[in-house]
Every structure is written in C-alpha cells, then in structure tokens.
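Engineer: Pasting the sequence and the predicted model now:
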Amino acid sequence: MSPRPSKFRHISKQPVIAGMKPYGFNGKKENTDPVFLNLEEFESIRLCDHLMLHQSQAAGMMGVSRPTFTRIYARARVKIAEALVTGKQLIIEGGKIYFDSSWYSCRGCGCYFNNPEPDIRPEKCPLCGSRNFNNYELLPDEIDVEKALTKATFKRDFCGKRGAGKGRGFKIR
C-alpha cells in the first residue's frame, strides 16, 4: 500500500532569489553538487525564522498540519546547514505548492497557469507563448490538479532560470 499523496502547500511570497553560491570557497572542488531547497521548505524558514511565527501559526498559513510543517521545517534546516557547512550552492526551486494568484486558461494550448504577482496580468502563456488566454475562475483546489500533474507537459523554464519563473503551467491531455 502506497502512502497518501501530499497536498499542495500554500506559499504567500515567491523568494526574491533563485539560490545562493558560496563565496571564497577554500575546500576541495570534488563534492560540488548543489543542495536543492523546495519552495515549501523556503517558506517554512521565511515564516518561522524571518517573520518569527510559531510553528502552529506558520502551519495554518501554509495549509498543512503542525506535524507536517515541523517535518518540512526540519528538512529545510538540514539542507541549509549542509550548504553552509560543506560550501555547496543552494538552489531554491520545486515542491508541491500554489500561490495566492489568479489562474488563467490558454486558448492556444489548453494550459492552465497562474501568476504569483496578483497585480500584474501575465503577457503570454508560459508553455506556448500565446497571448490568447483568459481568466480562469476556478481555484487550484477546484481544478483536478492531481490528474493534471500526472498527465502534464511542464515547461520548467519560464524566465531563463530553472524553476524560478513567474507562474507555473500545465496542460491536460
């Protein structure tokens, strides 16, 4: 029996950077694989360590239980410690997340996508580049996201950096 699939985690704010590189590294160059910090792990650090919220408050903001939040937060701290102690690059990307933003439906390719900056309307579809799209009134919970993700065609690069783009899109086949 497989474990229950994890739910999407609510992210209030996209990171201002896509990662960090070590400066003045004096170690050996042989172990330079980057450390990948998921966006929900970044959010847990932002809420607890930057905004100084209690874990129960932060869990409520992310839409997860407090024990789940604790596991996310613990993974984030381990990854950050690994990057600092070993001098590895830290890349912030990925994860099972959603933003507070409007969703759009592309008429060209059938893609559903969102824009994490709610005050700015996207210029084009992140998958096909079409400018022919309209607001999609359903919330991410109302879209069958699980089904869409298993049959999705993703484009990881929406702004020239892996996973650090503006909006996420998927196409239902």
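Structural biologist: Happy to help now that I have it.

Engineer: what helices or strands is the longest helix anywhere in the chain leaning on?
Structural biologist: In terms of residue count, the longest helix belonging to the chain (DSSP state H) is helix 66-86. Counting contacts by 3 or more C-beta pairs under 8 Å, 6 or more residues apart in numbering; DSSP states H and E, helix 66-86 packs against strand 35-37, helix 39-45, helix 55-62, strand 90-92. For every residue, glycine as well, the C-beta is placed using N, CA and C.

Engineer: Identify all contacting residues around the longest one.
Structural biologist: Contacts made with helix 55-62 from outside it, assessed by C-beta atoms under 8 Å, 6 or more residues apart in numbering, are listed as 9-12, 40, 43-44, 47-48, 51, 53, 65-66, 68-70, 72-73.

Engineer: for the second one, same thing?
Structural biologist: For helix 39-45, the surrounding residues in contact (C-beta under 8 Å, 6+ apart) are 9, 11-15, 58, 62, 69, 72-73, 75-77, 79-80, 92-97.

Engineer: Repeat that for the first one.
Structural biologist: Among residues not part of strand 35-37, those counted as contacts by C-beta under 8 Å, 6+ apart are 19, 76, 79-80, 82-83, 88-94.

Engineer: For D119, state which of these is nearest.
Structural biologist: Using C-beta to C-beta, I92 is the member of these that lies nearest D119, at 22.7 Å.

Engineer: so that closest one touches A18, yeah?
Structural biologist: Yes. Taking C-beta atoms under 8 Å as the definition, I92 is a contact partner of A18 at 6.0 Å.

Engineer: Understood, closing this out.
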